[in-house]
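Asks: Here is my input, please return the structure:
(chains A and B)
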Amino acid sequence: AQKVTQAQTEISVVEKEDVTLDCVYETRDTTYYLFWYKQPPSGELVFLIRRNSFDEQNEISGRYSWNFQKSTSSFNFTITASQVVDSAVYFCALSEDILTGGGNKLTFGTGTQLKVEL
Amino acid sequence: GAVVSQHPSWVICKSGTSVKIECRSLDFQATTMFWYRQFPKQSLMLMATSNEGSKATYEQGVEKDKFLINHASLTLSTLTVTSAHPEDSSFYICSATSGGLYTDTQYFGPGTRLTVL
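Replies: I've put the predicted structure just below:
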């Protein structure tokens, strides 16, 4: 069975600090997909990134970067120079491979509440 | 692209009434839509998966007669909470995904907050 663990329930940082959100996953599949979503106070989940299991190249998008380490089953998310607008709950999620068209189920972690203060 | 809307964004109803929530994919055809509920400070719990033109698949423990799902077209799915009770009060979120090579990204709607009095 799939499982996603986000051990950090809540993180508080001061603006401009860097912060890393941890995500550890479990799956028996060799092909799978990992995601990060942001849920601001408004409630809508915002898609941030999708990574498949064969692509271990780290990715950077502006102040966001992701470190995928298959050897440790981790997919960590770093925000550089955090801003107050980054305050939100961040969810890591996992889905297994699908060979037919259509989406597949997501297994979500419990989320990490990030608070960025002035 | 990949915009999903939900209507209404919030609803308050009396116990015993039914409430319908709509989920629409605005700029893509959604072959599959998902319905989640989320309690305060908790993660998302998948309720059911619906494919256009077929019956929804419900997760274990979710009453299909209470939570009616209809995926009538490639851009619209509805969730009807029948005979709602206060314990049904929650945040309901839908997501949608399209067919194609990269089918696994779910795009989420803004959610519907249901309060049952």
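
Asks: Just give the closest residue to the residue nearest to the spatial centre of chain B, not the sequence neighbours.
Replies: For chain B, the residue nearest the mean C-alpha position is B:Trp35 (3.4 Å; Cα atoms, centre = their mean). Of all residues not flanking B:Trp35 in the chain, B:Met47 sits nearest, at 4.6 Å (Cβ to Cβ, 6 or more residues apart in numbering or on different chains). Placement of C-beta: from N, CA and C, glycine included.

Asks: One more: A:Lys115?
Replies: The shortest distance from A:Lys115 to any non-neighbouring residue, by Cβ to Cβ, 6+ apart, is to A:Ser12 (4.5 Å).

Asks: which residues sit in contact with the residue nearest to B:Trp35?
Replies: Shown in contact with B:Met47 (Cβ atoms under 8 Å, 6 or more residues apart in numbering or on different chains): B:35-37, B:58-59, B:62, B:67, B:79.

Asks: For my notes, confirm B:Gln42 occurs in a helix.
Replies: No - B:Gln42 is assigned coil when assessed by DSSP: H, G, I helix; E, B strand; the rest coil, not a helix.

Asks: which non-adjacent residue is nearest it?
Replies: Nearest to B:Gln42 is A:Thr110, by Cβ to Cβ, 6+ apart, at 7.5 Å.

Asks: Now do the one you found: how many residues are near it, please.
Replies: Around A:Thr110 there are 17 other residues, counting by other Cβ atoms under 10 Å in any protein chain shown.

Asks: Tell me if I'm right that it and B:Lys41 touch.
Replies: No - with contact defined as Cβ atoms under 8 Å, A:Thr110 does not reach B:Lys41; the gap is 9.5 Å.

Asks: Count the neighbours of A:Phe47 for me.
Replies: So A:Phe47, with other Cβ under 10 Å, has 15 neighbours.

Asks: Tell me the confidence at residue 31?
Replies: Defaulting to chain A. On the pLDDT scale, A:Thr31 is placed at 84.

Asks: think we crossed wires, I meant chain B
Replies: 83.

Asks: if I look at it, how far off is chain A?
Replies: Distance, B:Thr31 to chain A, using Cβ to the nearest Cβ, to the nearest Å: 5 Å.

Asks: ok, the host helix or strand of the residue nearest to B:Trp35: who's next to it in the sheet?
Replies: Assessed by DSSP states H and E, B:Met47 sits inside strand B:44-51. Using DSSP bridges, the strands paired with strand B:44-51 are strand B:32-38 (antiparallel), strand B:57-58 (antiparallel).

Asks: sorry, back to before: now list the buried members of the contacts of B:Met47.
Replies: Buried members of the contacts of B:Met47, scored by 16 or more other Cβ atoms under 10 Å in any protein chain shown, are B:35-37, B:58, B:62, B:67, B:79.

Asks: Show me which of those is closest to A:Pro40.
Replies: Each of the buried ones among the contacts of B:Met47 was scored against A:Pro40 by Cβ to Cβ, and B:Tyr36 proved nearest at 16.8 Å.

Asks: In contact with the closest one, which residues?
Replies: B:Tyr36 neighbours (Cβ under 8 Å, 6+ apart): B:44-47, B:92-95.

Asks: tally of neighbours for A:Arg51?
Replies: The burial count for A:Arg51: 18, using other Cβ under 10 Å.

Asks: thinking again about what came up before, for the buried ones among the contacts of B:Met47, which one is nearest A:Glu44?
Replies: The closest of the buried ones among the contacts of B:Met47, once distances to A:Glu44 are taken by Cβ to Cβ, is B:Tyr36, at 12.3 Å.
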